[in-house]
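>>> starting from these lines, generate the structure:
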Amino acid sequence: MQEQQEKRGLLIVGLLVAMLFASLDNTIVGTAMPRIVGELGGLGVMTWLTTAYMLTSTAVVPITGKLADLIGRKVVYVTGLILFMAGSVLCGAPQTMNQLIVFRAIQGIGGGIMMPMAMIIVGDLFTGEQRAKWQGVFGAVFGLSSILGPQVGGWIVDTLNWRWVFYINLPVGILAVILIALALKSQRISGPVNIDIWGMFTMTGGVVSLLLALTFGGKDFPWTSWQILSLFGLSAAFLTAFVIVESRTAEPILPLHLFRNKTFSLLNGIGFLMSVGMFGAIMFVPLFMQGIVGISPSESGTIMVPMMLAMMLTSIAGGRIVKKIGVRTQMLIGMITMAAGFWLLSTMVVTTSKWEAMSYMIVLGLGIGLVMPLITIALQESFPKSERGVVTSSSQFFRQIGGTFGMTVLGAVMNHRSTALLTHDLMPRLEKLPQQAHGMAEQFSAMIQTNPQGLYSMLLSPEALASIPAGIRQTLLPILKTDMVASLHEVYLVGLVFILAGAVLAMMLGKIKLSPPEQKASAQKAA
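Presented below is the predicted three-dimensional model:
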């Protein structure tokens, strides 16, 4: 028994180490981006460093859960760790930006395996009430990485070299592999294992095509362009084929019968809607803080710290109080708290201070922390161990898709509202500019119709502002600030609608009972 407890302790440490270094990687890379571009070039394809990782990590998540159910947790998780480390080593050694993009895609496959696997194994190790506490801790570690990432990344880039942003993963990854390989039991597979190859192929094609359309639509290409319409059409074709394949195969990657389960559909719907609002709205906070409040880009990163601390607090506390108030009640409280945060964000004006904005973000973080870990816990409690892998990974998959969808939808809301306001408020002023400013007026007029956020970015750039004559600047800036704030109001109100829709789904949840600690004997066998 003591040996079993020691192994469990080793396994938890290994899981925490693996989750910390995988989630740290995303924020660290963002800090190193200017140095990477400075050395390798490729400014025009820089966004692909993030896009390549997102595409592969999102596409592999649902496949990971099913493979974990079929061939065992240990082999899948260790494979993910090794792929992530191999990708990290490759990312530290490229000579061109294109090479780095390919290596980031490899790293994304490993990351997409690691993140859901940690939650799956926690689900195996503990029963409902214990699981709630531990998944709160894991949620807090994820939040901690968002705070530490920029600082760690900045220190590595300044002290060593940007390549060490990736190399640093190697010793930490090796430690995680050793701990998990020693402590996690191998699963004995009896009988033949049927891998759903066609399901993997059609799902990957459908998800990647959809993510590419959402990523580039409205920015790199118009929504009605043949490129974006073709991607949506390709996604629809692949996903239709996926549904047909899944209905006929013996071991489907994402069993369609799960969607007939009310709890499965409601919980993943809540996760999707929460992520639509959360990720879509959070991306605009730095724009407001830099453009309106006037803080520096480096200081705007600290605006997120109170929100992440609040999220960490309620992630841990929520795991303890859920057994007293129940899953549905806590889920509803969390969604209503998030809605309050969105409403507060929609009240921000030109005179809003940094401290007011930070307090609104704290409210949002408190709500997120109550809901996010709870979705996974509730799913794991509602299904047997044989399906725990696929239902756990599904929750992360729908949240990631929701985040991408949210950034796209709320970005489109921002652009549409900004174009209407700037056309009404700024265009008449541009038409009255003197003849010598005619070229600038034409440039600004074109940006109003095609890229209004590009105009707002002038508020963030002292160099761009200095290039505009003082008289024109004094005329344009108040209008730009006022219209940007008005556009953000609409963004946050639309985000609020998504969160309220998630609250409605939470009200429809049935009673989900968390299994008490006395029933943990069977769960310990997984360790």
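>>> residue boundaries of the helices in the stretch 101-250 of the chain?
Applying DSSP state H, counting those that start in this stretch to the stretch 101-250 of the chain gives helices spanning 128-159, 164-167, 169-183, 197-216, 226-246.
>>> for the longest one, buried residues please.
When you say that, I think you mean helix 128-159. Within helix 128-159, the residues that qualify as buried are 128-150, 152-153, 156-157, counting by 16 or more other C-beta atoms under 10 Å. Glycine gets a C-beta too; all of them are placed from N, C-alpha and C.
>>> quick check: mean pLDDT of that helix?
What helix 128-159 shows for mean pLDDT is 74.
>>> any stretches of this protein with poor pLDDT?
Scanning the chain with the threshold set as pLDDT under 70 gives 1-6, 43-44, 128-129, 188-193, 280, 296-301, 459-462, 516-527.
>>> outside of stretch 343-355, which residues touch it?
Stretch 343-355 is contacted by residues 281, 285, 288-289, 292-293, 295, 303, 356-357, 359-361, 363-364, 481-482, 485, 488-489, 492-493, 496 when judged by C-beta atoms under 8 Å, 6 or more residues apart in numbering.
>>> of the residues you listed, buried ones?
Among these, those classed as buried by 16+ other C-beta under 10 Å are 281, 285, 288-289, 292-293, 295, 303, 357, 360-361, 363-364, 481, 485, 488-489, 492, 496.
>>> which of the contacts of stretch 343-355 fall within helices?
Among those, the ones falling in helices (DSSP state H) are 281, 285, 288, 356-357, 359-361, 363-364, 481-482, 485, 488-489, 492-493, 496.
>>> now stretch 312-331: how far from the chain's centre is it?
Stretch 312-331 sits 22 Å away from the centroid of its parent chain (C-alpha atoms, centre = their mean, to the nearest Å).
>>> nearest to L379, of the helices of the stretch 101-250 of the chain?
Across these, L379 has its closest neighbour in helix 128-159 (10.9 Å, C-beta to C-beta).
>>> and T352, what are its phi and psi?
Phi and psi for T352, reported as degrees, to the nearest 10, are phi -60, psi 130.
>>> that one: neighbour count?
Look at T352: counted by other C-beta atoms under 10 Å, it has 17 neighbours.
>>> phi and psi next, for G218.
According to degrees, to the nearest 10, G218 has phi 80, psi -10.
>>> quick one: G454 from A446, how far?
10 Å (C-beta to C-beta, to the nearest Å).
>>> likewise V122?
From V122 to A446 the distance is 52 Å (C-beta to C-beta).
>>> for T56, which non-adjacent residue is spatially closest?
Distances taken as C-beta to C-beta, 6 or more residues apart in numbering place G108 nearest to T56, at 3.5 Å, with adjacent residues excluded.
>>> what's near enough to touch that neighbour?
G108 neighbours (C-beta under 8 Å, 6+ apart): A52, Y53, M54, L55, T56, S57, V60, G87.
>>> from those, which single one is nearest H257?
Nearest to H257, judged by C-beta to C-beta, of the contacts of G108 is V60 at 22.5 Å.
>>> on the three-state scheme, the residue lying closest to L433 once chain neighbours are set aside is what?
Spatial nearest neighbour of L433, chain neighbours left out: A441 (4.8 Å); criterion: C-beta to C-beta, 6+ apart. Here A441 is recorded as helix under DSSP: H, G, I helix; E, B strand; the rest coil.
>>> contacts only, for A441.
The contact partners of A441, by C-beta under 8 Å, 6+ apart, come to L430, E431, L433.
>>> compare those residues and tell me which has the most neighbours.
L430 (21 neighbours).
>>> circling back to that earlier point, looking at G454 and A446, which is more packed in?
The neighbour count for G454 versus A446, taken as other C-beta under 10 Å, is higher for G454 (14 against 11).
>>> and the residue nearest to L433, how far is that from G403?
Distance from A441 to G403, by C-beta to C-beta: 38 Å.
>>> how about G454?
23 Å.
>>> quick one, helices of the stretch 301-450 of the chain?
For the stretch 301-450 of the chain, helices defined by DSSP H, counting those that start in this stretch occupy the ranges 304-325, 327-345, 354-382, 388-425, 427-431, 438-450.
>>> nearest to T79, of the ones you listed?
T79 lies closest to helix 388-425 among the helices of the stretch 301-450 of the chain, at 14.0 Å (C-beta to C-beta).
>>> for the closest one, list every residue counted as buried.
388-415, 417-422, 425.
>>> next: stretch 243-261.
Residues of stretch 243-261 classed as buried: V243, V245, E246, T249, P252, I253, L254, P255, L258, N261 (neighbour count, 16+ other C-beta under 10 Å).
>>> and stretch 169-189, by the same measure?
Those would be N169, V172, G173, A176, V177, L179, I180, A183, L184, Q187, for stretch 169-189 by 16+ other C-beta under 10 Å.
>>> please report how far the second one lies from M119.
To tie it back to what came earlier, the one meant is V172. Counting by C-beta to C-beta, the gap from V172 to M119 is 20 Å.
>>> and for the first one?
The gap separating N169 from M119 is 20 Å, by C-beta to C-beta.
>>> cool, and the third one?
Per C-beta to C-beta, G173 is found 19 Å from M119.
>>> from the rest of the structure, what touches stretch 237-246?
By C-beta under 8 Å, 6+ apart, stretch 237-246 touches 196, 198-199, 202-203, 205-206, 209-210, 252-256.
>>> hmm, 10 Å instead?
196-210, 252-257 (C-beta atoms under 10 Å, 6 or more residues apart in numbering).
>>> how close does V293 sit to K481?
10 Å.
>>> need the contact list for S247.
P255, L256, H257.
>>> quick one: which of the residues you listed is nearest A501?
Nearest to A501 out of the contacts of S247 is L256 (C-beta to C-beta; 23.7 Å).
>>> count the residues that sit near Q449.
Q449 sits with 11 neighbouring residues when counted by other C-beta under 10 Å.
>>> any of the contacts of stretch 237-246 buried? List them.
The buried subset of these - by 16+ other C-beta under 10 Å - is 196, 198-200, 202-210, 252-255.
>>> test my guess that P34 contacts W162.
Yes - the pair P34 / W162 is scored as a contact, 9.0 Å apart, by C-beta atoms under 10 Å.
>>> which of the two has more neighbours?
More crowded of P34 and W162, by other C-beta under 10 Å: W162, with 22 against 13.
>>> before we move on, the earlier item: list just the nearest of the buried residues of stretch 243-261 to A18.
I253 (23.5 Å).
>>> now for the closest one: which residues touch it?
So I253 contacts 62-67, 70, 195-204, 242, 245-246, 390, 393 (C-beta under 10 Å, 6+ apart).
>>> same question, S265
L258, F259, L505, M508.
>>> next one: F259
S265, N268, S394.
>>> where's it relative to V243, distance?
10 Å.
>>> ditto for R320
Separation of R320 from V243 (C-beta to C-beta): 41 Å.
>>> contact partners for the residue nearest to M358 when sequence neighbours are not counted?
Closest residue to M358 apart from its sequence neighbours, by C-beta to C-beta, 6+ apart: P306 at 5.0 Å. By C-beta under 10 Å, 6+ apart, the contact list for P306 reads I147, W355, A357, M358, S359, Y360, M361, I362, L364, G365.
>>> that concludes my questions; thank you for your assistance.
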